[in-house]
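Q: curious how this folds, go ahead:
(one chain, ligands or ions: 1)
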Amino acid sequence: MHLTNTLDFAQKQDAQDPLRHYRDQFLFPQHQNRPVLYFCGNSLGLQPKTVRPALLAELDQWATYGVEGHFRGAMPWMYYHKFLTEQTARLVGAQNHEVVVMNTLTVNLHLMMVSFYRPTRERYKIIMEAGAFPSDQYALETQVRWHGFDPAEAIVEVAPRPGEDTLRTEDIISIIEKEGAKTALVLFGGVNYYTGQFYDLAAITQAAHRTGAYAGFDLAHAAGNLPLRLHDWGADFAVWCSYKYLNSGPGGPSGAFVHERHADNPDLPRFAGWWGHDESERFKMRKGFRPMRGAEGWQLSNAQIFSFAAHKASLDVFDAAGMEALRAKSLQLTAYLEFILDEANRKQQRFRIITPRDPDTRGCQISALTGDDGKALYDFLTENGVIADWREPNVIRLAPVPLYNSFEDVWRLGEWLTRF
Ligand SMILES: *Cc1c(COP(=O)(O)O)cnc(C)c1O
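A: Numbering: from 1, shown residues only. Next up, the predicted model:
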């Protein structure tokens with residue numbers, strides 16, 4: 001399609017967008033009596049209007065039934081996590097018993113590593129992407145130490161080639177092959193939080209499995225951003241949060257995936273709690289942990305109802321829109337952002353896009369590496385009602401989210417860029 005840098009073109013695109021009505025289902029912060037240009041859905045998604053009534057419904061449930069709320073009402077708390085299962089499975093391309101919503105992301109990363117990082121003297125390494133999100137780096141570093149190994153030796157990072165910004169799949173695979181015999185776990189992000197690169201999760205999984213290692217993924221920036229097929233890709237486990245693209249509110253709950261090949265292995269070591277115990281016996285209060293089948297068997301605690309209720313309201317929106325339709329719009333909207341950024345750079349190079357140019361290897365985030373005036377540019381945008389995201393040392397991340405961003409948003413962002 002021929003893209004044009006005019007308001008008229010952007011508005012025509014919006015008029016033809018089959019998902020345009022979803023924008024009205026979200027609450028936008030205001031700047032000078034207009035909605036801000038919000039490009040930060042990769043950090044904290046906007047609030048769906050249905051979240052408030054969903055939370056009020058649970059407050060009412062509590063007020064009306066007290067402890068009986070566990071068993072009464074439309075969505076009894078006792079089974080609450082199950083009300084999220086089908087939508088979660090659809091979202092990440094899993095079977096129902098392969099997913100569960102529980103805890104928060106870094107907690108789940110640790111829980112999964114308890115089961116899937118079982119280093120031995122021969123196999124103790126973890127292969128990961130260089131520059132992973134800090135929480136993941138700290139989780140891996142401390143897991144390695146906990147088992148008595150030295151992170152400097154046990155953690156192998158795959159870095160871009162000199163002069164390049166992102167990873168080549170062939171380099172990831174060749175390091176897995178080289179280190180494979182000593183590797184216990186290959187753990188990657190789905191979409192890198194800094195560059196926006198979407199990794200080839202199927203290829204990484206296959207390479208890990210060929211060498212006898214497990215493959216796990218942190219999908220914080222992939223869930224709700226791209227269609228995923230975790231079951232078919234064969235990952236052993238995955239974890240993600242729900243407050244970025246999934247719009248479930250600050251600190252929202254995490255999702256976890258455990259492939260069905262591990263569903264019937266109660267002997268897989270894990271840290272347990274009562275909610276992971278066989279539910280037919282959960283209240284018998286007996287000794288001897290017997291996990292539920294599949295991902296539910298990794299639960300520790302009873303559901304955090306208020307955050308789960310917000311998550312459910314948000315998942316309803318995703319289900320109605322459909323991940324494939326969202327991706328179709330996302331491809332167009334992100335391409336338009338890329339075009340507008342290139343336009344803003346035409347007269348004078350202000351920044352360099354470090355996100356892959358190939359749409360198949362990115363989601364909706366585009367990261368721009370700025371020059372010395374990068375922070376000033378970011379501050380200028382903020383003062384003018386453009387919510388972007390600044391990452392030290394010098395990257396501005398922009399995420400046009402297909403559920404609530406418009407082509408006009410992107411065009412207006414370009415106007416501010418040229419005025420700086
Ligand atoms: C956002 C993000 C986190 C945050 O973890 P929490 O436990 O939810 O605070 C961790 N890892 C990655 C890759 C992230 O993008």
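Q: for the rest of this, base every contact and every neighbour count on C-alpha atoms.
A: Noted.
Q: confidence-wise, which helix or strand of this protein is lowest on average?
A: strand 389-391 (a mean of 93; mean pLDDT, DSSP states H and E).
Q: now do the buried residues in that strand.
A: Within strand 389-391, the residues that count as buried by 16 or more other Cα atoms under 10 Å are 389, 390.
Q: how far away from the center of its chain is it?
A: 17 Å (Cα atoms, centre = their mean, to the nearest Å).
Q: next one: stretch 392-403
A: 14 Å.
Q: may I have that stretch exported as CSV, CA atoms only?
A: This file holds the C-alpha atoms of stretch 392-403, laid out as CSV (Å, rounded to 0.1, in the frame of the first residue of the first chain):
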residue,chain,number,x,y,z
GLU,A,392,18.3,4.4,29.5
PRO,A,393,20.7,5.1,28.0
ASN,A,394,19.0,6.5,24.9
VAL,A,395,16.0,4.7,23.5
ILE,A,396,12.5,5.9,22.9
ARG,A,397,10.0,3.1,22.6
LEU,A,398,6.7,3.6,20.8
ALA,A,399,3.9,1.1,20.7
PRO,A,400,0.8,1.7,18.5
VAL,A,401,-1.6,-0.8,20.0
PRO,A,402,-4.2,-2.1,17.6
LEU,A,403,-7.0,-2.2,20.2
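Q: so after the least confident helix or strand of the chain, what's the next helix or strand?
A: strand 395-398 (DSSP states H and E).
Q: quick check: longest helix of this protein.
A: helix 323-344 (DSSP state H).
Q: give me the contact list for it.
A: 3, 5, 17, 19, 91, 224-227, 350, 359, 363-366, 400-403, 406-407, 410-411, 414, 417-418 (Cα atoms under 8 Å, 6 or more residues apart in numbering).
Q: report the buried members of the residues you listed.
A: 5, 19, 91, 224-227, 350, 359, 363-366, 400-403, 406-407, 410-411, 414, 417.
Q: among these, name the ones in strands.
A: residue 366 (DSSP state E).
Q: of the buried ones among the contacts of helix 323-344, which belong to helices?
A: 91, 407, 410, 411, 414, 417.
Q: residues contacting the third one?
A: With contacts defined as Cα under 8 Å, 6+ apart, the neighbours of residue 410 are 336, 337, 340, 400.
Q: from residue 387, how far off is it?
A: 12 Å (Cα to Cα, to the nearest Å).
Q: can you list the buried residues in the longest helix of the chain?
A: 323, 326-327, 329-344.
Q: number of residues surrounding residue 134?
A: Residues near residue 134, counting by other Cα atoms under 10 Å, number 9.
Q: does residue 59 lie in a helix or a strand, and which?
A: Counting by DSSP H and E, residue 59 is part of helix 51-65.
Q: just the residues contacting that helix, thanks.
A: 69, 72, 73, 305, 306, 309, 310, 313, 314.
Q: flag every residue of the stretch 201-350 of the chain that's near the ligand.
A: Contact residues, the stretch 201-350 of the chain versus the ligand (Cα under 6 Å from any ligand atom): 218, 220, 221, 241.
Q: quick check: the residue of the stretch 251-400 of the chain nearest the ligand.
A: Scanning the stretch 251-400 of the chain for the residue nearest the ligand gives residue 251, at 6.4 Å (criterion: Cα to the nearest ligand atom).
Q: just give me the neighbour total for the closest residue to that residue other than its chain neighbours.
A: In space, and not counting its chain neighbours, residue 251 is closest to residue 243: 6.5 Å by Cα to Cα, 6 or more residues apart in numbering. Per other Cα under 10 Å, the neighbour tally for residue 243 reads 25.
Q: please apply the same query to residue 36.
A: 17.
Q: which residues does it contact?
A: So residue 36 contacts 28, 29, 30, 385, 386, 387 (Cα under 8 Å, 6+ apart).
Q: and the helix holding residue 59, what's buried?
A: Buried residues in helix 51-65, counted by 16+ other Cα under 10 Å: 51, 54, 55, 57, 58, 61, 62.
Q: closest one to the ligand out of the residues you listed, please.
A: residue 51 (19.4 Å).
Q: pLDDT score assigned to the closest one?
A: Model confidence at residue 51, given as pLDDT, is 98.
Q: please report how far it lies from residue 394.
A: From residue 51 to residue 394 the distance is 35 Å (Cα to Cα).
Q: repeat that for residue 125.
A: Residue 125 is 31 Å from residue 394, by Cα to Cα.
Q: residue ranges with poor pLDDT in the stretch 201-350 of the chain?
A: Judged by pLDDT under 70, the stretch 201-350 of the chain has no weakly predicted residues.
Q: helices of that one, start to end?
A: 201-210, 230-233, 305-321, 323-344 (DSSP state H, counting those that start in this stretch).
Q: let's see stretch 144-152 as PDB, backbone CA atoms only.
A: Only the C-alpha atoms of stretch 144-152 are listed here, as PDB (Å, rounded to 0.1, in the frame of the first residue of the first chain):
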ATOM      1  CA  VAL A 144      22.200 -20.300  39.200                       C
ATOM      2  CA  ARG A 145      23.700 -19.200  42.500                       C
ATOM      3  CA  TRP A 146      21.100 -21.100  44.500                       C
ATOM      4  CA  HIS A 147      22.200 -24.300  42.800                       C
ATOM      5  CA  GLY A 148      25.800 -23.500  43.600                       C
ATOM      6  CA  PHE A 149      27.000 -22.400  40.200                       C
ATOM      7  CA  ASP A 150      28.800 -19.300  39.000                       C
ATOM      8  CA  PRO A 151      26.600 -17.000  36.800                       C
ATOM      9  CA  ALA A 152      29.600 -15.800  34.900                       C
END
